[in-house]
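Participant: what shape does this take:
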Amino acid sequence: MKNKFLLLTILVVFLTLFSQGKAKYVFLIIGDGMGLNQINGTEMYLAELEGNIGFKPLLFTQFPNAGLLRTHSASNGVTDSAAAGTALATGSKTKNGTVGLDSTLSNPVYSIAVNARNAGKKVGILTSCGLDDATPAAFYAHQTKRNMQYEIAIDAFTSRFDFFGGATFTKPYTRADGSLGANVYIQMEEEGYVLAYGFDEYKEKSPDADRIILMERKEKKLLDLVYAIDRQETDLSLAQLTEAAVEHLSRDNQDGFFLMVEGGTIDMACHANDAATTFTEIIDLDESVKIAYDFYQRHPEETLIIVTADHETGGMVLGTGSSRLNLQVLQHQKMSQAVLSSKIVELREQKKNNVSWEDIKALLSETMGFWDKVMLSEAEEEQIREAYKISFVEGDTSKVETLYQKDEKISVAANKIINKKANVGWMSSGHSAGLVPVFAIGVGAESFNNLMDNTQLPKKILEVADF
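Facilitator: Sure thing, here's the model as predicted:
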């Protein structure tokens with residue numbers, strides 16, 4: 001009798017698991033550099049814009065399942081995006097700077113995207129940065145150094161993935177040793193990829209394309225997509241990339257797909273310690289999540305969506321000594337620190353370096369709300385005057401350099417002031433070892449409700465996906 005009961009119990013458990021099914025469609029959405037405070041700050045900023053204290057939730061933070069990831073690499077307590085991307089893509093730790101190889105740097109490790117392709121699924125890789133950047137590369141490339149962009153681009157088209165979307169491939173001619181190679185774009189076309197520059201061109205070419213690569217328009221000459229805070233109507237967006245990928249991967253496809261979406265420019269804004277731009281980038285990432293969620297609502301029994309980060313950048317602090325926040329002041333920043341810097345360069349060129357203090361005040365009033373909507377103390381005004389004096393009186397035109405940007409001293413000073421007024425602090429311009437969140441919804445989403453190493457995340461995806 002006991003044996004019969006045991007067999008019946010096992011059968012019930014088996015049937016329950018079988019009835020739950022496996023995820024046919026998997027979205028892995030990665031906010032590069034998006035730590036807990038970046039997300040919480042964004043939601044508190046949105047609440048303050050409506051006159052409230054607290055938070056206005058993003059879509060992905062309302063997903064019913066949540067966990068945390070540890071992010072250290074095989075070589076460092078603080079990871080870089082190459083090692084973190086490799087961990088999230090393959091389930092293997094590696095050394096900082098390495099994509100798609102194990103920690104000995106001699107053996108390739110293969111991503112869940114490759115698993116999906118080998119199981120007959122379609123595969124898409126998207127980023128708001130260059131397509132040969134570290135995080136997207138970790139899903140298809142195997143190189144000892146993340147700056148081997150030419151070699152990474154070769155790995156991209158030899159992967160035979162179905163859809164790539166991003167700003168560009170940043171070194172289409174130049175090998176890592178400095179020698180010139182065959183144009184990777186020509187090689188991509190020879191391998192059957194259709195190249196589309198801009199969303200309109202994608203819509204024209206997509207119906208006849210089997211495999212396609214969607215990039216920003218050639219005339220933009222950008223290595224990364226424009227920040228959301230700076231975006232013009234004709235600029236390519238991460239949401240457009242996501243929309244295009246979902247449409248392309250799901251067309252005439254009953255077998256399922258895997259899609260990785262990276263908000264890579266979040267990390268860039270955090271490296272620059274640009275809070276307003278960071279929050280806007282996270283809001284922008286949520287627009288891509290909404291597209292994935294719309295798909296999930298049409299296929300709730302077959303879809304898994306995971307939103308996470310590879311690491312935290314900048315050591316963002318919400319509250320810098322006072323017991324209040326003033327995040328709403330950031331709404332008066334109308335452009336990124338990088339674009340403000342370019343405006344100052346343009347002013348210098350237009351005026352042949354004969355830029356007055358009143359010129360700078362007018363520019364900062366227009367772009368940052370200073371002296372108009374954002375009042376400055378004498379000390380704060382003096383900080384900007386000092387940067388002006390160094391740049392335009394003393395003629396020191398050297399830039400303040402962070403990992404991805406070189407900015408004018410005045411734009412950096414203005415950004416620091418508005419951050420301080422918002423009571424947002426930064427510990428560094430680099431990465432930190434802080435825990436990062438995981439949010440999940442759909443088939444198998446409950447598997448992500450715990451604190452785990454980043455290498456466990458792709459392994460759990462493989463457990464609940466049908467590839």
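Participant: which parts of the stretch 151-300 of the chain are helices?
Facilitator: 184-190, 199-205, 238-250, 265-271, 275-298 (DSSP state H, counting those that start in this stretch).
Participant: most tightly surrounded among those?
Facilitator: With neighbours defined as mean count of other Cβ atoms under 10 Å, those peak in mean count at helix 265-271, which reaches a mean of 28. Quick note: C-beta positions are derived from backbone N, CA and C, even for glycine.
Participant: picking up where we left off before, I'd like the helices of the stretch 151-300 of the chain as TSV, with distance to residue 78 appended.
Facilitator: Listed next are the helices of the stretch 151-300 of the chain as TSV, based on distance: least, Cβ to Cβ, whole Å:
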stretch	distance to residue 78
helix 184-190	32
helix 199-205	37
helix 238-250	26
helix 265-271	13
helix 275-298	19
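Participant: residue 165 is nearest to which of the ones you listed?
Facilitator: helix 238-250 (3.8 Å; Cβ to Cβ).
Participant: which regions of the stretch 51-200 of the chain lie under the pLDDT threshold?
Facilitator: Within the stretch 51-200 of the chain, no range satisfies pLDDT under 70.
Participant: now the most centrally placed residue in the chain, nearest residue through space, not along the chain?
Facilitator: Nearest residue to the geometric centre of the chain (Cα atoms, centre = their mean): residue 263, 1.9 Å. Among residues not flanking residue 263 along the chain, residue 285 sits closest, at 3.8 Å (Cβ to Cβ, 6 or more residues apart in numbering).
Participant: what pLDDT is listed against the one you found?
Facilitator: Note for residue 285: predicted pLDDT of 98.
Participant: correct me, but it touches residue 264?
Facilitator: No. Using Cβ atoms under 8 Å as the test, residue 285 is too far from residue 264 to be in contact (9.9 Å).
Participant: need the contact list for residue 400.
Facilitator: 406-409, 412 (Cβ atoms under 8 Å, 6 or more residues apart in numbering).
Participant: brain fart, residue 118
Facilitator: residue 467.
Participant: how near is it to residue 211?
Facilitator: 16 Å (Cβ to Cβ, to the nearest Å).
Participant: what's the answer for residue 313, then?
Facilitator: With Cβ to Cβ as the criterion, residue 313 and residue 211 are 33 Å apart.
Participant: of those two, which one has the most company?
Facilitator: residue 313 (30 against 19; other Cβ atoms under 10 Å).
Participant: looking at it, the more buried one is touching residue 436, isn't it?
Facilitator: No. Counting by Cβ under 8 Å, residue 313 sits too far from residue 436 to count as a contact (10.3 Å).
Participant: now residue 176, nearest residue through space, not along the chain?
Facilitator: The nearest residue in space to residue 176 (Cβ to Cβ, 6+ apart) is residue 148, at 4.2 Å.
Participant: now the residue nearest to the centre of the chain: how far from residue 180?
Facilitator: 33 Å.
Participant: quick check: neighbours shared by residue 313 and residue 436?
Facilitator: With Cβ under 8 Å, 6+ apart as the test, residue 313 and residue 436 both reach residue 35.
Participant: any idea how far residue 86 is from residue 143?
Facilitator: 11 Å.
Participant: give me the more crowded residue out of these two.
Facilitator: residue 86 (37 against 26).
Participant: so who does that one touch?
Facilitator: Counting by Cβ under 8 Å, 6+ apart, residue 86 has contacts 92-94, 98-101, 109, 138.
Participant: secondary structure, neighbour count and distance to residue 74 added to these, as TSV?
Facilitator: Listed next are those as TSV, based on DSSP: H, G, I helix; E, B strand; the rest coil; neighbours: other Cβ atoms under 10 Å; distance: Cβ to Cβ, whole Å:
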residue	secondary structure	neighbour count	distance to residue 74
92	coil	20	9
93	coil	20	4
94	coil	28	5
98	coil	27	9
99	strand	31	13
100	coil	27	13
101	strand	21	10
109	coil	21	11
138	coil	34	14
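Participant: residue 152: which of these is nearest?
Facilitator: Of these, the one sitting nearest to residue 152 (Cβ to Cβ) turns out to be residue 99, at 7.0 Å.
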